[in-house]
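[1] Build me a model from this:
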Amino acid sequence: MTAPAVDGLRVVSDGGILRITIDRPDRMNALDLAHMTALGAILTGAATDRSVRVVVISGAGKAFSTGADLAAAAAAGGREASPEVVMEAANRVVRAIVDLPVPVIAQVSGAAAGVGASIALAADLTYACQDAYLLLAFVNIGLMPDGGSSALIAASIGRARATRMALLGERLGAPEAEREGLIAGVLPAGELAAHVDAVAAKLAHGPRRAVELTKRALTASTLTALEGALEREKAGQTELLQGQDFVEGVTAMLGKRAARFLG
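    Coordinates of the predicted model:
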């Protein structure tokens, strides 16, 4: 696969394994609209490339991804794009991961927050280091979960635990996430990459069609609510992104003070 050159995304294809690294460590791998759009295009392109047999998504540095780049959006003063365009770009990434005919592995170090958590959990196999964590912090800035997370999390760990994460913004550490059945495994930081490499190599040498049909069957059985969730989240988040509570939430976050919500 010949991947497009995108600053902030490293893409390497070798031996049937397509490795995508979110490479913005100075921004904790937060994704602005350009990077989200490029990531969606890379994943969509992989679906029709017969040389790709497995995809691995990881983050450079200390985080997998802290989600949307709110600082960049704030600096753009709302000129970057409409909320609908932003939400559709995020949804395209999640849909592409779920719809890919080959397995997707998420290699999670540090924080997987916001839509970064959605990307990690949309993967077929998610492996994390022991100090990694998942965080839905949307409510802290006047937003709601997106990227399908309202379905992806509840489908694995149930409504009560998902509600705690979504409404209270609680972190879920990788060891607990594994115990709850939300991720596939937890490894010491020094062993994570080698383990993911071994799993990816096994999948790359497996029976491609059997793996494809197995993934499709599991997705159909467990993620029946995903499409509806993506559409509800898109509508709700589009409204919230234009509200005063979001402006206050981001301003407070960037100013390192408590938000004063009025909505």
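[2] which residues are contacting stretch 239-253?
    With Cβ atoms under 8 Å, 6 or more residues apart in numbering as the test, stretch 239-253 has contacts from 70, 73-74, 83, 86-87, 140-144, 258-263. Glycine gets a C-beta too; all of them are placed from N, C-alpha and C.
[3] can you pull the buried residues of that stretch?
    The neighbour-count check on stretch 239-253 (16 or more other Cβ atoms under 10 Å) flags 240, 241, 245, 246, 248, 249, 250, 252, 253 as buried.
[4] want to try JSON lines for the residues you listed, with distance to residue 189 and secondary structure as columns?
    Formatted as JSON lines, those follow (distance: Cβ to Cβ, whole Å; DSSP: H, G, I helix; E, B strand; the rest coil):
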{"residue": "240", "distance to residue 189": "35", "secondary structure": "helix"}
{"residue": "241", "distance to residue 189": "35", "secondary structure": "coil"}
{"residue": "245", "distance to residue 189": "37", "secondary structure": "helix"}
{"residue": "246", "distance to residue 189": "35", "secondary structure": "helix"}
{"residue": "248", "distance to residue 189": "37", "secondary structure": "helix"}
{"residue": "249", "distance to residue 189": "32", "secondary structure": "helix"}
{"residue": "250", "distance to residue 189": "31", "secondary structure": "helix"}
{"residue": "252", "distance to residue 189": "32", "secondary structure": "helix"}
{"residue": "253", "distance to residue 189": "28", "secondary structure": "helix"}
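[5] Any chance of JSON lines for those residues, columns pLDDT and distance to residue 93?
    Shown next, in JSON lines, are those (pLDDT from 0 to 100; distance: Cβ to Cβ, whole Å):
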{"residue": "240", "pLDDT": "95", "distance to residue 93": "20"}
{"residue": "241", "pLDDT": "93", "distance to residue 93": "17"}
{"residue": "245", "pLDDT": "95", "distance to residue 93": "25"}
{"residue": "246", "pLDDT": "93", "distance to residue 93": "21"}
{"residue": "248", "pLDDT": "94", "distance to residue 93": "28"}
{"residue": "249", "pLDDT": "93", "distance to residue 93": "23"}
{"residue": "250", "pLDDT": "91", "distance to residue 93": "22"}
{"residue": "252", "pLDDT": "94", "distance to residue 93": "28"}
{"residue": "253", "pLDDT": "91", "distance to residue 93": "23"}
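[6] So which of these is the closest to residue 186?
    Closest approach to residue 186 among the buried residues of stretch 239-253 (Cβ to Cβ): residue 253, at 29.0 Å.
[7] Cross-check the contact I'm expecting between residue 236 and residue 144.
    Yes - with contacts defined as Cβ atoms under 8 Å, residue 236 counts as touching residue 144 at a distance of 5.1 Å.
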